[in-house]
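> Below is the structure, and that's it, no one-letter string:
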């Protein structure tokens, strides 16, 4: 069994780390450079940096901030937000990102996944899927920071992304995001079973048991969280020790 990964996520707006609930009501969570350095010290396996307003405001991701964060890290670093071209990816990789996360642009033009995977290798390309459940249509994929329902079924889209060359899926349940009620085990499990690539579960982590559940019951490869780490509710080492006691392989 491969080691399971714990990944703090920095949602960035106007150069600061922010956190909301179900993509709304954002509050300040601190300086991203200081947080990145702290997580690297505490034993995070990777870090994800999402410029949450880049796509909406149609501007390039803040490359200077990416460079500053990357200088603090000795762990893999994934950057997303407003990425829509080979040139965007090249700029981020040259400035310290190890991987990029694409979302709205991939749904607008799915061939982008093929192009990026061919140019940079699948190991660099993470496809982020923001999904929300409704009774009529099940789990649907949203873009534009969760404001636009694409009408695409989440499992079908994740399968297509993997077929096109994505190296990982970052699956966020918007219904669970920031609620601390636990990950969405149903959709996470369905996507994990449907794709041959790693799935990062995101949205809803509130306790150490939530991570045990998403690894044991939904076969996620990594668990991503924000507020529980930013506000010191759960320490990364403490979480990993709990997981190890539950028989889940982690890097300590």
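Structure received. Since this is a predicted model, take the numbers as computed values, not measurements.

> Sticking with the spatially most central residue of the chain, tell me its helix or strand.
The residue lying closest to the centre of the chain (Cα atoms, centre = their mean) is residue 170, at 4.5 Å. Assessed by DSSP states H and E, residue 170 sits inside strand 168-173.

> which strands and helices sit next to that strand?
Packing contacts for strand 168-173, counted by 3 or more Cβ pairs under 8 Å, 6 or more residues apart in numbering; DSSP states H and E, involve strand 125-134, helix 154-163, helix 185-194, strand 199-202. C-betas here are computed from N, CA, C, even on glycine.

> Now do the contacts for residue 149.
132, 140, 141, 142 (Cβ atoms under 8 Å, 6 or more residues apart in numbering).

> what do you get for residue 137?
151, 153.

> so can I have CSV of the contacts of residue 149 showing neighbour count and secondary structure?
Below are the contacts of residue 149 laid out as CSV (neighbours: other Cβ atoms under 10 Å; DSSP: H, G, I helix; E, B strand; the rest coil):
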residue, neighbour count, secondary structure
132, 23, strand
140, 19, strand
141, 24, strand
142, 23, strand
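
> and the residues you listed, which two are the farthest apart?
Maximum pairwise distance among those (Cβ to Cβ): 8.6 Å, between 132 and 141.

> phi, psi of the residue lying farthest from the centre of the chain?
Distance to the chain centre peaks in the chain at residue 136, reaching 26.5 Å (criterion: Cα atoms, centre = their mean). When read as degrees, to the nearest 10, the backbone of residue 136 gives phi -70, psi -40.

> go on, residue 67?
Dihedral pair for residue 67: phi -60, psi -40, per degrees, to the nearest 10.

> Tell me where the stretch 101-250 of the chain is predicted with low confidence.
145 (pLDDT under 70).

> Let me see the contact set for the residue nearest to the centre of the chain.
Residues near residue 170 by Cβ under 8 Å, 6+ apart: 48, 78, 80, 101, 126, 127, 128, 129, 200, 202, 224.
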